[in-house]
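S.K.: Provided below are the primary sequence and the corresponding predicted coordinates.
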Amino acid sequence: MMRLFVALNLPEDVRDALHEATAPLREAGFPVRWVEATSFHVTLKFLGWVAPERLAAIRDAMTSAAANSRPFEVQVGGIGAFPSLRRPRVLWLGVEASPPLRGLKQDLEWAFAPLGFERELRAFQPHITLGRTVRDAGAGEFRALETILGHIGAHARVQVREIDLMQSHLSPAGARYERIASVPLG
C-alpha cells in the first residue's frame, strides 16, 4: 500500500525564499516540528492508503482533471494556523484560492469520485504547511507568535503548470515526500 496525495509543488527557488523568510518562526523556540523547504507543497487531494495496482486509474483521473485547466498563477503569502493562532496545531503559509485553483480542485474531486475517493465537502483552504505542534501546547507557549508574524514578509507568485502525484513516507522524524507522477495542465 502507498500513502498518496495530489499536490502543487513549488519551484526550488520559491521554496528556498519562503523558507528563509519564515526563519524567525523556527528560531523562536516554539514546540513545533518544522517542515523542510523541500517538502513545501499545496495538497489538492488526499487519497490515503492506495494499492499500487490503482496507479494507472489515478493517473488517468489526474490527466482528466488537469485537461480542464490552463496554466495559471497563484499568490502565496500570509501566515496562519489551524485551528487558531492562540492554540495552533498546524502553522501554514496561505495560498490564494483563485478561481483557476478552485476549479482545478473541483475537477480533481469529480475525477476521483468514480474511483471511490470521497469528495471533500469542507471549504478548500489552500496552504503550505510550515510545521505541526509536537504536543497539545498551551496558549501561553505561543504568546509571542502574533508579534513575530508581524515581522515576516513571506510572499511569492507561483506559476502552476502541472500537478503531481506524491507518495508520503511516514517516519518518527516526520513525513518525506516522493513525486510518483506529474501531469501537465491544459
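M.R.: Right, received. Where do you want to start?

S.K.: which non-adjacent residue is nearest R119?
M.R.: Ranked by C-beta to C-beta, 6 or more residues apart in numbering and with sequence neighbours excluded, the top spatial neighbour of R119 is E109, at 4.7 Å. Every residue, glycine included, has its C-beta placed from N, CA and C.

S.K.: output the contacting helices and strands for the helix or strand of the chain at the bottom of the mean pLDDT ranking.
M.R.: Ranked by mean pLDDT, DSSP states H and E, the helix or strand of the chain with the weakest confidence is helix 145-149, at a mean of 90. Counting contacts by 3 or more C-beta pairs under 8 Å, 6 or more residues apart in numbering; DSSP states H and E, helix 145-149 is packed against helix 23-27.

S.K.: what residues of the helix it packs on count as buried?
M.R.: Using 16 or more other C-beta atoms under 10 Å as the test for burial, helix 23-27 gives L25.

S.K.: how about the helix or strand just after it, which residues are buried there?
M.R.: With elements assigned by DSSP states H and E, the helix or strand that comes after helix 23-27 is strand 32-34. Along strand 32-34, these residues count as buried under the neighbour rule (16+ other C-beta under 10 Å): V32, W34.

S.K.: now do stretch 92-112
M.R.: Neighbour-count burial for stretch 92-112, counted by 16+ other C-beta under 10 Å, picks out 92-96, 101, 104-105, 107-109, 111-112.

S.K.: and stretch 172-186, by the same measure?
M.R.: Applying 16+ other C-beta under 10 Å to stretch 172-186 flags A175, Y177, A181, V183, L185 as buried.

S.K.: I figured I148 hits A23, correct?
M.R.: No - the criterion here is C-beta atoms under 8 Å, and I148 misses it with A23 at 10.6 Å.

S.K.: which other residues reach the helix or strand harbouring D16?
M.R.: Assessed by DSSP H and E, D16 sits inside helix 12-21. Contacts to helix 12-21, defined as C-beta atoms under 8 Å, 6 or more residues apart in numbering, come from residues 10, 37-38, 40, 76, 93, 128, 152-156, 158.
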